[in-house]
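Undergrad: below is the structure, and that's it, no one-letter string:
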């Protein structure tokens, strides 16, 4: 954290934690009403009921086929529902292993990502509409394809946010939809005391931002709301339109915090209206701070015209800066708000320039100069005096809009807020025995695979023996019984915790090694070793370790000399092992599914899909420098704490740990 000079926060579901059972219920209701009254959907849609905890983040909506998917980090679909019907494995694989569809890699044209908690109500209602269409609940649905229904739903949800209907309900009774956090204020003050600049960058507009932050930080609502919360931030940027904020230029406006009206700026510098002689001194953002810090930009020089008082760039080039900005738009955009920066530019000799308390006190004396709307990341950098994206730590809840784009396009340091993590950590702590058992079952399956493949290769040169072969079945038959007993006893220990024969511990471990040795002796027995190999190599493992005279390994399977009775016995053993492998696989699948269902009865663990990391977890690993269940957790650590990443391991390295 020592190189971080500015810490920023998203608002919704980051600083402001909504109650999904009430907030998403209201969003669901608003979407229902619009579908019925604006888009002509049948009245039955308004009677549908919302189950707020059915959906989870990290899912993907297939708008074309009407499915909801959960995929792993390799983009393989592991769970799929059509409406509320889970697709069987074969059907799921047939649909999503098609090369034409998989090549899309879940593009926005055909798929929608459930990347934020705001999407839960929308995706659940879509599943209900799919059900209604499939069962032909109304003739209306015959003329609607799945994509059309999703687009109608998406517009309905957007309208609920844009026309203010949802936000007015929240503003009237914020305590019903949000829960204030007493640690938020301490966390923000901690960062400010450390000398870092603290900013808010949200897609919400000023009126709603003021409502939410009053309630979250001070518990104020209605007529008691004021602007005192602005003293906790050095910059507030509303209407950011992320993720476009990190990609495209947009006009930057100054917000009148009393009326909500916007004032034009020229890259942040105030613009004098034609019917006004001059701009009042207090509207010149950052002048007092620059003067206090002795910075090069934003200096207020007296009471002449606005152009006389604003120095763009450094003092030596101020006379030419106006022409440079008007004649070279690219340079103007690159310099951003250099002439009106709220913060002085960081000195080249210091990589972590921070504010002194006197400078900060003068900077926040008038919070009216701290609120802007629109712009882009370059405007924010210049308003904060930040030279590099790596100086900023930004926290948000939207994996794509807040984290992926800011990290990939701008180079910000990032922190993802994952509220589901709190429950997952609790359940993971209670599931340690199950996780260990699953690992052992998987190892047992791998060992069985190895035995089966060796037997198959050893018997490859033998045709099936006749059913009427006479004679005893030699040692391998006893081996088969021993292996079977070992496997069943082991599964009892792993799954049920019953020690039928001690599992893999003690004598059974020795029995397993003895059985495998007998199998090797039966399958790999040779009349004479290859000429290139020393005859003293008595076992497969020794041959593999010591190799041949020419440096190559001894062949895995040497031409054996087996009697027909032995071949028959080994084929019988092979069938038994294959049957036992199928049993292990069934136990593994059942236990793994039950493990996931403990986290969520439909979608399982948020960060896992089967044994693999989920697509969401893969994005977290790639783009989130930090992640936490709640942003206020930062209140309990030092602002200067160093976060060291764990060592990365590949599969072959894990075997050595």
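TA: Nice, I can see it. The structure displayed is predicted, hence computed values, not measured ones.
Undergrad: looking at this structure, which helix or strand is least sure?
TA: helix 306-309 (a mean of 30; mean pLDDT, DSSP states H and E).
Undergrad: give me the buried stretch members for stretch 379-390, please.
TA: For stretch 379-390, a neighbour-count test (16 or more other Cβ atoms under 10 Å) marks 379, 380, 381, 382, 383, 384, 385, 386, 389 as buried. Quick note: C-beta positions are derived from backbone N, CA and C, even for glycine.
Undergrad: between those, which is nearest residue 176?
TA: residue 380 (33.1 Å; Cβ to Cβ).
Undergrad: for the closest one, which non-adjacent residue is closest in space?
TA: Excluding its sequence neighbours, the residue lying closest to residue 380 (Cβ to Cβ, 6 or more residues apart in numbering) is residue 237, at 6.1 Å.
Undergrad: with residue 66 instead?
TA: residue 146 is the one closest to residue 66 (Cβ to Cβ, 6+ apart), at 3.7 Å.
Undergrad: distance of the one you found relative to residue 195?
TA: The gap separating residue 146 from residue 195 is 53 Å, by Cβ to Cβ, to the nearest Å.
Undergrad: out of those two, which sits in the more crowded spot?
TA: residue 146 (20 against 17; other Cβ atoms under 10 Å).
Undergrad: residue contacts, that one?
TA: 62, 63, 64, 65, 66, 130, 133 (Cβ atoms under 8 Å, 6 or more residues apart in numbering).
Undergrad: okay but the second one is in contact with residue 112, surely?
TA: Yes: if you go by Cβ atoms under 8 Å, residue 63 and residue 112 touch, sitting 6.0 Å apart.
Undergrad: show me whatever sits in contact with both of the two.
TA: By Cβ under 8 Å, 6+ apart, the residues touching both residue 63 and residue 112 are residue 150.
Undergrad: so for the biggest helix by length in the chain, what gets flagged as buried?
TA: Ranked by residue count under DSSP state H, the longest helix found in the chain is helix 564-597. Residues of helix 564-597 classed as buried: 565-571, 573-574, 576-577, 580-581, 584, 587-588, 591-592, 595-596 (neighbour count, 16+ other Cβ under 10 Å).
Undergrad: how many residues are close by residue 221?
TA: 15.
Undergrad: for it, give its distance to residue 183.
TA: Separation of residue 221 from residue 183 (Cβ to Cβ): 20 Å.
Undergrad: now the closest residue to residue 61 other than its chain neighbours: phi and psi?
TA: With sequence-adjacent residues excluded and distances taken as Cβ to Cβ, 6+ apart, residue 61 is closest to residue 112, at 4.2 Å. Torsion angles at residue 112 (phi, psi; degrees, to the nearest 10) stand at phi -130, psi 140.
Undergrad: just checking, residue 112 touches residue 60?
TA: Yes: look at residue 112 against residue 60 with Cβ under 8 Å: they come within range, at 7.2 Å.
Undergrad: per-residue pLDDT, residue 337?
TA: What the model reports as pLDDT for residue 337 is 32.
Undergrad: should've said residue 565
TA: Here the pLDDT value assigned to residue 565 is 83.
Undergrad: for residue 271, same thing?
TA: At residue 271, pLDDT is 72.
Undergrad: the helix or strand that contains residue 208: what's the following helix or strand?
TA: Using DSSP states H and E, residue 208 maps to helix 206-218. Using DSSP H and E, the helix or strand that follows helix 206-218 in sequence is strand 235-238.
Undergrad: what is the helix or strand following that next one packed up against?
TA: As assigned by DSSP H and E, the chain's next helix or strand after strand 235-238 is strand 252-255. For strand 252-255, the helices and strands in contact under the criterion 3 or more Cβ pairs under 8 Å, 6 or more residues apart in numbering; DSSP states H and E are strand 262-266, strand 371-374.
Undergrad: most packed of those?
TA: strand 371-374 (a mean of 24; mean count of other Cβ atoms under 10 Å).
Undergrad: against which helices or strands is whichever helix or strand comes after that strand packed?
TA: Using DSSP H and E, the helix or strand that directly follows strand 371-374 along the chain is helix 377-384. The elements that helix 377-384 packs onto, with contact taken as 3+ Cβ pairs under 8 Å, 6+ apart, are strand 197-201, strand 235-238, helix 329-335.
Undergrad: now the helix holding residue 208 and strand 262-266, what's the angle there?
TA: Angle, helix 206-218 to strand 262-266, by axes from the mean of the first three to the mean of the last three Cα atoms, to 10 degrees: 100 degrees.
Undergrad: show me the contact partners of helix 206-218.
TA: If you take Cβ under 8 Å, 6+ apart as the criterion, helix 206-218 is touched by 11-12, 15-16, 167, 170-171, 174-175, 178, 180-181, 184-185, 188, 200, 202, 204, 220-221, 224-229, 232, 236, 238-239, 255, 257, 260, 371, 373.
Undergrad: list the buried ones in that helix?
TA: For helix 206-218, the neighbour count (16+ other Cβ under 10 Å) marks 206, 208, 209, 210, 211, 212, 213, 214, 215, 216, 217, 218 as buried.
Undergrad: tell me the mean pLDDT for the helix or strand hosting residue 149?
TA: Using DSSP H and E, residue 149 maps to helix 146-162. Taken as a whole, helix 146-162 has a mean pLDDT of 93.
Undergrad: repeat for stretch 184-201
TA: For stretch 184-201, mean pLDDT is 95.
Undergrad: what comes up buried for it?
TA: Quick answer for stretch 184-201 (16+ other Cβ under 10 Å): 184-185, 187-188, 190-192, 194-201.
Undergrad: try stretch 642-656
TA: For stretch 642-656, the neighbour count (16+ other Cβ under 10 Å) marks no residue as buried.
Undergrad: quick one, strands of the stretch 1-150 of the chain?
TA: 6-9, 59-62, 67-71, 77-82, 85-86, 111-114 (DSSP state E, counting those that start in this stretch).
Undergrad: looking at these, which is nearest to residue 428?
TA: Closest of these to residue 428 is strand 67-71, at 18.4 Å (criterion: Cβ to Cβ).
Undergrad: now for that closest one, which elements pack on it?
TA: strand 59-62, strand 77-82, helix 120-134.
Undergrad: what strands line up against that strand, and which way round?
TA: Strands that pair with strand 67-71, judged by DSSP bridges, come out as strand 59-62 (antiparallel), strand 77-82 (antiparallel).
Undergrad: adding distance to residue 457, write the helices and strands packed on strand 252-255 out as TSV.
TA: Below are those laid out as TSV (distance: least, Cβ to Cβ, whole Å):
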stretch	distance to residue 457
strand 262-266	75
strand 371-374	68
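Undergrad: what's the closest of those strands to residue 246?
TA: Taking Cβ to Cβ, strand 371-374 is the member of the helices and strands packed on strand 252-255 nearest to residue 246, at 13.4 Å.
Undergrad: other SSEs contacting that closest one?
TA: Taking 3+ Cβ pairs under 8 Å, 6+ apart as the contact cut, strand 371-374 packs with strand 235-238, strand 252-255.
Undergrad: and these, which is most packed in?
TA: strand 235-238 (a mean of 24).
Undergrad: average model confidence for that one?
TA: 96.
Undergrad: and if you look at stretch 418-432?
TA: 90.
Undergrad: may I see the buried residues of it?
TA: So for stretch 418-432, counting by 16+ other Cβ under 10 Å, buried means 418, 419, 420, 421, 424, 428, 431.
Undergrad: so who does the second one touch?
TA: Residues counted as contacts of residue 419 (Cβ under 8 Å, 6+ apart) are 13, 17, 117, 397, 629, 630.
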